[in-house]
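In: 3D, please:
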Amino acid sequence: MKRAEYPNALKLLIAELKRMPGVGPRSAERIALWMIQARNARPLEIARSIESASREIHSCALCGFFATGMQCDVCADPTRDASQLCVVEQPTDILPLERTGTFRGRYHTLGGRISPLDHVAPEDLRIALLLDRIRTEAPGEIILALGADVEGEATAHYLLGLLRELPVQVTRLAQGLPAGSGLEHADELTLSRAFTGRTRL
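Out: Have a look, this model is predicted:
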């Protein structure tokens with residue numbers, strides 16, 4: 001007797017959902033079943049939204065944040081303070097900082113952090129683009145808003161060595177950020193205080 005199984009189309013959907021970060025086999029199965037069974041699931045709208053975001057969203061040519069045009073809304077905003085450039089690891093680090101309402105300057109994402117164990121070297125990051133921006137835009141202050149873990153510290157130390165050769169003041173967010181983690185785990189008040197109390201390097 002043949003054992004009952006999901007149809008191939010459903011098994012394929014579950015397999016694709018499992019590829020998402022943080023989605024295990026059981027979660028993938030529950031999401032797939034919800035999509036095809038729930039009255040308000042609207043799976044076609046979900047599929048269209050995914051396809052649209054995948055097609056339209058890309059990295060800002062200047063800072064690396066999410067954009068639909070050549071530049072993101074922050075880089076295209078003429079009211080932003082061009083004298084301050086905040087360096088973060090990932091595009092997702094920008095939103096927690098924006099939500100504090102403390103910082104009104106511009107951003108630059110590195111696209112990661114130096115991590116020999118993960119085979120990420122300085123040349124794999126957007127460091128050369130950062131140096132080009134500093135020479136072109138001539139900001140007065142570079143704020144290093146990197147993670148408080150080993151890789152974040154190593155990346156900050158490496159950048160500091162390069163930036164000492166340039167006529168720019170380098171500061172770092174004050175302590176108080178969660179040790180061993182990135183900006184996405186810090187609340188708005190902690191980030192706001194870290195910005196206000198940033199220290200010169």
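In: for this protein, where's the lowest mean pLDDT among helices and strands?
Out: Within the chain, no helix or strand scores below helix 188-196, which has a mean of 63 by mean pLDDT, DSSP states H and E.
In: now the phi/psi pair for residue 68, please.
Out: Dihedral pair for residue 68: phi -110, psi -20, per degrees, to the nearest 10.
In: next up, the contacts around it.
Out: Taking CB atoms under 8 Å, 6 or more residues apart in numbering, we find residue 68 in contact with 56-58. Every residue, glycine included, has its C-beta placed from N, CA and C.
In: let's see that with 6 Å instead.
Out: Contacts for residue 68 (CB atoms under 6 Å, 6 or more residues apart in numbering) come out as residue 56.
In: tell me, how many residues neighbour residue 80?
Out: If you count neighbours by other CB atoms under 10 Å, residue 80 ends up with 16.
In: surely it meets residue 98?
Out: No: applying CB atoms under 6 Å as the test, residue 80 and residue 98 come out as separate, 11.0 Å apart.
In: which parts of this protein are helices?
Out: In the chain, the helices defined using DSSP state H lie at 8-18, 25-37, 43-56, 73-76, 94-100, 127-137, 150-163, 188-196.
In: tabulate those helices (JSON lines), appending mean neighbour count and distance to residue 64.
Out: What follows is the helices of the chain, written out as JSON lines (neighbours: other CB atoms under 10 Å; distance: least, CB to CB, whole Å):
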{"stretch": "helix 8-18", "mean neighbour count": "14", "distance to residue 64": "27"}
{"stretch": "helix 25-37", "mean neighbour count": "14", "distance to residue 64": "30"}
{"stretch": "helix 43-56", "mean neighbour count": "10", "distance to residue 64": "17"}
{"stretch": "helix 73-76", "mean neighbour count": "16", "distance to residue 64": "10"}
{"stretch": "helix 94-100", "mean neighbour count": "18", "distance to residue 64": "9"}
{"stretch": "helix 127-137", "mean neighbour count": "15", "distance to residue 64": "8"}
{"stretch": "helix 150-163", "mean neighbour count": "17", "distance to residue 64": "15"}
{"stretch": "helix 188-196", "mean neighbour count": "17", "distance to residue 64": "19"}
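In: out of these, nearest to residue 114?
Out: Ranking the helices of the chain by their distance to residue 114 (criterion: CB to CB) puts helix 150-163 first, at 4.6 Å.
In: the domain parsing of this protein - what is it?
Out: The chain breaks down by automatic domain parsing into domains covering 8-56, 60-200.
In: quick one: closest of the ones you listed to residue 1.
Out: From these, taking CB to CB, the stretch that ends up closest is domain 8-56, at 19.9 Å.
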